[in-house]
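**Q** Sharing a model prediction with you, sequence too.
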Amino acid sequence: MKRRPGVELADVWEVLRDRLGLTRAAASVTGMYQRAGERSAQNASSEGLL
C-alpha cells in the first residue's frame, strides 16, 4: 500500500480545522453563558437576594 502524505496531511488539517472551529464555537457559547450567569448573580446580589 502506497502512502500519500499530501492526502493524509490534508485530512489531518481538515480534522484539526473542524476541531478548532467546534472548540471556538463552544468557547463562545460557554462565554455567553458565563457572562449571563455573572450578570444574573450581580443583579441578584444588588437586589439583596444573595
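**A** All right, it came through fine. Numbers count the residues shown, from 1 in each chain.
**Q** alpha carbons only for contacts and neighbour counts from here, please
**A** Fine.
**Q** Poorly predicted segments of the protein, please.
**A** Scanning the chain for pLDDT under 70 picks out the ranges 1-6, 49-50.
**Q** mind listing the helices for it?
**A** 5-46 (DSSP state H).
**Q** For Val7, list the residues it contacts.
**A** With Cα atoms under 8 Å, 6 or more residues apart in numbering as the criterion, no residue contacts Val7.
**Q** From Glu38, how far out is it?
**A** 46 Å (Cα to Cα, to the nearest Å).
**Q** since we're on Gln42, how many residues are nearby?
**A** Under the neighbour criterion other Cα atoms under 10 Å, Gln42 is assigned a count of 14.
**Q** And Arg17, by the same measure?
**A** Residues contacting Arg17 under the criterion other Cα under 10 Å number 12.
**Q** same deal with Asn43?
**A** For Asn43, the tally of surrounding residues (other Cα under 10 Å) stands at 13.
**Q** Number the chain from 39, please
**A** Got it, the first residue is 39 from now on, which makes the last one we talked about Asn81.
**Q** Would you check how far apart it and Gly69 are?
**A** Counting by Cα to Cα - Asn81 and Gly69 are separated by 18 Å.
**Q** same question, Leu60
**A** Distance from Leu60 to Gly69, by Cα to Cα: 14 Å.
**Q** Val53 too?
**A** Distance of Val53 to Gly69, given as Cα to Cα: 24 Å.
**Q** ditto for Glu46
**A** In terms of Cα to Cα, Glu46 sits 34 Å off from Gly69.
**Q** Kindly report the same for Asp49.
**A** For Asp49, the distance to Gly69 - Cα to Cα - is 30 Å.
**Q** cool, and Asp56?
**A** 20 Å.
**Q** what's the answer for Leu58, then?
**A** Taken as Cα to Cα, the span from Leu58 to Gly69 is 16 Å.
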